[in-house]
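K.L.:
sequence first, then the predicted structure:
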Amino acid sequence: MEIRKVRPEEYQRTNEIYALSFGYKVEQEQPTAGEDARYAAFENGKMISVVYRPDYGFEFDGHTVKMAGIGGVSTLPGFRRKGAIRGIMNMLLTDSFKEGFAFSYLFPFSTSYYRQYGYETACDVTKYVINTNALPSGNDTDRCFLLEENREEGLKYIKATYEYTKTRYNAMASPTEDTFKWAAEESALNETVYTYIYPGKESCGFITYELRRDDGLYVNIPRLMYKGDEALFNLLGLVKSFGSDYPKTVVRMPGSDRLERVVKEWSFGNLRRESIFHGMVRVINVKEVLLLAKYRGQGEIKIRVEDPILDENNRTYRVKYGDGKALSVEETLEKEDLFMPINEFSARILGYSNSIGEINRDFCDKIEPGDIFYQKPVYIVEEF
């Protein structure tokens, strides 16, 4: 079996492999960033498996680093379970280390499957179902304008809100040329999908909603992003105006952004919430990530990481930290204070441990792991 990067003239065939594997039309291509590598496995010269690697900027503790997205994972039906994807993933991750990537991220069909490649759940979103009439009224809803009324002005506030949100969360991807494509093309009258902008310098934001009738009458909000509660309350105030006809509102928000604060009356089941996993992360370069991470307090810790694929990460690292950052990160042969497999290390250093549990404290008599591994806001908008 041959495994390699796909040449540009072979890209169309990768689209066909993906379509044939899942029953899609060929034109339904995977979304990709500007820099997009693709890998394939070949059997007797025939392309049988494909993985796309769209490349993104990725927010991590105040730095923008390189992130290898994983998408388009597909194998023709007759060649499955023969190790093609494993071979591709091993090569892709090895190449990504050599090419300076710090993280990789994916949206899995199976969490247990991707754990074998070093990934771990790293983000969740909260799905809210809210009584529409229980939403805040907002004092300045008349300042909101429909995106189509002034696309240029609206796009300015959409981008400003996105940039603000990017600074609040680890894992937010840097926008690409496709990120705001919807804002240039969406038509409220033709698609019955409505985007409103709340303009402002200190507080701004945007909301996209649909009036749905497929499972009862409800307002579905696929996009809601804001800077400051003034914008949030007024954008939700628009939705509240539909309360007499659409009694429920459904919206997904970052797991750390709790919308409970906007509902003042909790009786009669006015609000329900559900936590939903939203992707898996993997550290590609442990030393680089330790150098860029934010730390609490000051001190020193020796961390040993075990990585079944990237041997470059199988080291013990002495980290000296203070003033909120790493002062030095060096490899050492000394006994570690803390051991972690790459899966656990990846999720914890990003700032997510909801699905992992407590740190194994067998080695923690003299150090405080909470200085290094603590909860941080994590959210990603781009999907690939």
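P.N.:
Thanks, I have it.
K.L.:
need the residues that contact stretch 194-201.
P.N.:
Applying C-beta atoms under 8 Å, 6 or more residues apart in numbering, the external contacts of stretch 194-201 come out as 143-147, 153-154, 157-158, 183, 186, 188, 204-210, 223, 226, 228, 230-231, 234-235, 238. Glycine gets a C-beta too; all of them are placed from N, C-alpha and C.
K.L.:
then stretch 159-179?
P.N.:
So stretch 159-179 is contacted by 31-34, 56-61, 64, 67, 105, 122-123, 180, 204-206, 225-227, 231, 254, 256, 279, 281, 350-351, 376-382 (C-beta under 8 Å, 6+ apart).
K.L.:
okay, now the residue lying closest to residue 254 once chain neighbours are set aside: neighbour count?
P.N.:
Spatial nearest neighbour of residue 254, excluding adjacent residues (C-beta to C-beta, 6 or more residues apart in numbering): residue 379 at 3.9 Å. When neighbours are defined as other C-beta atoms under 10 Å, residue 379 has 22 of them.
K.L.:
keep only those of the contacts of stretch 194-201 that are in strands.
P.N.:
145, 146, 204, 205, 206, 207, 208, 209, 210, 223, 226 (DSSP state E).
K.L.:
buried ones from those residues, can you make that a ChimeraX selection?
P.N.:
In ChimeraX syntax, the buried subset of the ones in strands among the contacts of stretch 194-201 is picked out as below (16 or more other C-beta atoms under 10 Å):
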select :145,204,205,206,207,208,209,210,223,226
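K.L.:
what would the ones in strands among the contacts of stretch 194-201 look like in a markdown table with pLDDT and distance to residue 324?
P.N.:
Shown next, in a markdown table, are the ones in strands among the contacts of stretch 194-201 (pLDDT from 0 to 100; distance: C-beta to C-beta, whole Å):
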| residue | pLDDT | distance to residue 324 |
| --- | --- | --- |
| 145 | 97 | 41 |
| 146 | 97 | 43 |
| 204 | 98 | 29 |
| 205 | 98 | 29 |
| 206 | 98 | 32 |
| 207 | 98 | 35 |
| 208 | 97 | 37 |
| 209 | 97 | 40 |
| 210 | 96 | 43 |
| 223 | 96 | 33 |
| 226 | 97 | 27 |
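K.L.:
for the helix or strand hosting residue 290, packing partners?
P.N.:
Here residue 290 is covered by helix 286-292, with elements defined by DSSP states H and E. If you count contacts as 3 or more C-beta pairs under 8 Å, 6 or more residues apart in numbering; DSSP states H and E, helix 286-292 packs onto strand 63-75, strand 316-322, strand 325-332, helix 342-350.
K.L.:
and it, how far out from the chain's middle?
P.N.:
20 Å (C-alpha atoms, centre = their mean, to the nearest Å).
K.L.:
may I see the buried residues of it?
P.N.:
Across helix 286-292, burial judged by 16+ other C-beta under 10 Å covers 286, 287, 288, 289, 290, 291, 292.
K.L.:
any figure for the gap between the residue nearest to the first one when sequence neighbours are not counted and residue 112?
P.N.:
Think residue 286. Using C-beta to C-beta, 6+ apart and skipping the chain neighbours, the partner closest in space to residue 286 is residue 313 (4.4 Å). From residue 313 across to residue 112, the span is 21 Å (C-beta to C-beta, to the nearest Å).
K.L.:
who's more crowded, these two?
P.N.:
residue 313 (21 against 7).
K.L.:
touching, that one and residue 288? I think so.
P.N.:
No - the pair residue 313 / residue 288 is not scored as a contact, 10.3 Å apart, by C-beta atoms under 8 Å.
K.L.:
most centrally placed residue in this structure?
P.N.:
By C-alpha atoms, centre = their mean, the chain has its centre lying nearest to residue 380, at 2.7 Å.
K.L.:
could you pull up phi and psi at it?
P.N.:
The phi and psi values for residue 380, taken as degrees, to the nearest 10, are phi -140, psi 130.
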